[in-house]
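J.: okay, here's the prediction I keep looking at, along with the sequence it came from:
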Amino acid sequence: MGKLIKVDVSGIKKMIEEMDIYKETKKEIEQYEAEKALIDARKQEIENRMEHLQKALTENMLACETYKHEPSTVINLKHEQRELNRDLEVLNLMLDEMKEEYVELKLKYAPIFRQAGNKEKGKHISVTEEIEETKYVMLTAIAELSSEMRRQYLEVEDALTEVYNDPTVRENLRYREVVHGEYPSPSFSYFETAVIHKNEVFGATRGYVKMSKPKSLVEAEKAEQEAKKVNPENKDEDMLI
């Protein structure tokens, strides 16, 4: 018998990857980055100017040492040095004021980001609903399998009862009596108290799976890889597990 329940994992992964979960937030971040870029540009211009002034100031100080025996030249250099230092002070003050601009920009966009975040898809994705739907499909499939096993068993029950319940057969072969109404059902063995534990779901919501991959899936993936080696042209086909 083939798989009772098949999940197209590749299809699910593709669907999730195509979800634009933070669409509204990204839109507002673009506006934020655009305004921040204007401040960054001015900041960069100021820093470049400061670097130029620092270089000029260093050259001025070296010139003062070189021409220290020429008072008139040193006087001019000192006037220039004073101007350079004054410009540097102004630029430093502008940088300090610019820090406030960054803070004000963040204060402006913090509530905007919060409002956009409240609209995002991520706020409305319920894995509870997904689990309930999957659980219902799984249990329904098992129930339908059980009903079909019973229906098909009824087709053979009379013959089995006639043979197995014959006293001579039971005495010689030690077969158990077939009791009407005892129908076969799908086998199930599990070592936990629940098929899926809430901690496993919480783990998945944090991005990791707290269980080993079932042997059936490992073997299916291995078979898929082998099939790709034999038929390379089919390597892009989605895998059903």
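T.: Arrived safely.
J.: need the next SSE after the helix or strand encompassing residue 141, C-terminal direction.
T.: Using DSSP states H and E, residue 141 sits in helix 127-164. For helix 127-164, the following helix or strand on the C-terminal side (DSSP H and E) is helix 167-173.
J.: and the longest helix for the chain?
T.: Scanning the chain for the longest helix, with DSSP state H as the assignment, gives helix 71-119.
J.: what is it packed up against?
T.: helix 23-66 (3 or more C-beta pairs under 8 Å, 6 or more residues apart in numbering; DSSP states H and E). No exception for glycine: its C-beta is placed from N, CA and C like everyone else's.
J.: now the residue nearest the centre of the chain. Its backbone dihedrals?
T.: Nearest to the geometric centre of the chain sits residue 207, at 6.6 Å (C-alpha atoms, centre = their mean). Dihedral pair for residue 207: phi 100, psi 10, per degrees, to the nearest 10.
J.: give me the pLDDT value at it.
T.: On the pLDDT scale, residue 207 is placed at 75.
J.: how about residue 240?
T.: 41.
J.: could you do residue 80 as well?
T.: pLDDT for residue 80: 92.
J.: that one touches residue 60, doesn't it?
T.: Yes - judged on C-beta atoms under 8 Å, residue 80 makes contact with residue 60 at a distance of 5.7 Å.
J.: ok, residue 46 to residue 106 distance?
T.: Separation of residue 46 from residue 106 (C-beta to C-beta, to the nearest Å) stands at 20 Å.
J.: let me fix that, I meant to ask about residue 69.
T.: 55 Å.
J.: before we move on, back to that, distance between the longest helix of the chain and the chain's centre?
T.: 39 Å (C-alpha atoms, centre = their mean, to the nearest Å).
J.: got the angle between it and helix 23-66?
T.: 170 degrees (axes from the mean of the first three to the mean of the last three C-alpha atoms, to 10 degrees).
J.: let the chain start at 15 from now.
T.: Yes, from this point I'll number from 15; that puts the last item at helix 85-133.
J.: do you know how far residue 124 is from residue 130?
T.: When residue 124 is compared with residue 130 (using C-beta to C-beta), they lie 11 Å apart.
J.: nearest residue to residue 92 in space, please, no chain neighbours.
T.: Distances taken as C-beta to C-beta, 6 or more residues apart in numbering put residue 78 closest to residue 92, at 7.1 Å, once the chain neighbours are dropped.
J.: looking at it, that neighbour is touching residue 95, isn't it?
T.: Yes - between residue 78 and residue 95 there is a contact at 7.4 Å, judged by C-beta under 8 Å.
J.: re the thing from before, ok, residue 94 and residue 74, which is more surrounded?
T.: More crowded of residue 94 and residue 74, by other C-beta atoms under 10 Å: residue 74, with 19 against 16.
J.: tell me the contacts of the residue nearest to residue 160 when sequence neighbours are not counted?
T.: Leaving aside its chain neighbours, residue 160 sits nearest to residue 199 (5.1 Å; criterion: C-beta to C-beta, 6+ apart). Residues near residue 199 by C-beta atoms under 8 Å, 6 or more residues apart in numbering: 160, 163-164.
J.: got TSV for the residues you listed, with distance to residue 190, neighbour count and pLDDT too?
T.: Converted to TSV, the contacts of residue 199 look like this (distance: C-beta to C-beta, whole Å; neighbours: other C-beta atoms under 10 Å; pLDDT from 0 to 100):
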residue	distance to residue 190	neighbour count	pLDDT
160	21	14	89
163	19	14	89
164	19	13	88
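J.: now, among the residues you listed, which is nearest to residue 215?
T.: residue 160 (26.3 Å; C-beta to C-beta).
J.: tell me how many other residues crowd the residue nearest to residue 123 when sequence neighbours are not counted.
T.: Spatially, and ignoring its direct neighbours in sequence, residue 123 is nearest to residue 46 (4.7 Å; C-beta to C-beta, 6+ apart). Using other C-beta under 10 Å, residue 46 has 17 other residues around it.
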